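Colleague: here you go, sequence then predicted model.
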Amino acid sequence: MAERLARDGFTVVVNYSGNDAAAEALVRKIEAAGGRALSAKADVGDPQAVRGLFDAAEAAFGGGRAGEQRRHHEACDSRRQR
């Protein structure tokens, strides 16, 4: 999925929970094909970890869609906590 998105012009964040070598290999493959990618370790069940994931994406690539996705995630998270 990440490779397809990168081929279609999207900047990709490869999230992983344990196999950093595989995530880094995928990032290198995407970059070798001309795409933009970043690997980031995060437990997507942990809201703080997801915020860190978005922080890493924004630091590496700027705001843009990452900022929009962050706001969406935070809105969904706040609704779940009610």
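Modeller: Sure, I can see it.
Colleague: give the helix, strand or coil label for Val13.
Modeller: Using DSSP: H, G, I helix; E, B strand; the rest coil, the structure places Val13 in strand.
Colleague: wait, doesn't it sit right on Asp55?
Modeller: No. The criterion here is C-beta atoms under 8 Å, and Val13 misses it with Asp55 at 11.0 Å. All C-beta spots, glycine's among them, are computed from the backbone N, C-alpha and C.
Colleague: in which helix or strand does Glu58 reside?
Modeller: Taking DSSP states H and E as the definition, Glu58 sits inside helix 47-61.
Colleague: spit out the contact partners of the residue nearest to Thr11 when sequence neighbours are not counted.
Modeller: Spatially, and ignoring its direct neighbours in sequence, Thr11 is nearest to Arg36 (4.3 Å; C-beta to C-beta, 6 or more residues apart in numbering). Taking C-beta atoms under 8 Å, 6 or more residues apart in numbering, we find Arg36 in contact with 6, 11-12, 30, 61.
Colleague: make it 10 Å
Modeller: Applying C-beta atoms under 10 Å, 6 or more residues apart in numbering, we find Arg36 in contact with 6, 9-13, 27, 30, 60-61.
Colleague: closest to Lys41 out of those?
Modeller: Using C-beta to C-beta, Val13 comes nearest to Lys41 of the contacts of Arg36, at 10.9 Å.
Colleague: let me see the contact set for Val12.
Modeller: So Val12 contacts 1-6, 26-27, 30-31, 35-39, 57, 61 (C-beta under 10 Å, 6+ apart).
Colleague: where does pLDDT dip in this protein?
Modeller: Scanning the chain for pLDDT under 70 picks out 64-82.
Colleague: run the last query once more with 90
Modeller: 17-18, 62-82 (pLDDT under 90).
Colleague: so where do the strands sit in it?
Modeller: 12-16, 37-41 (DSSP state E).
Colleague: all good on my end, thank you.
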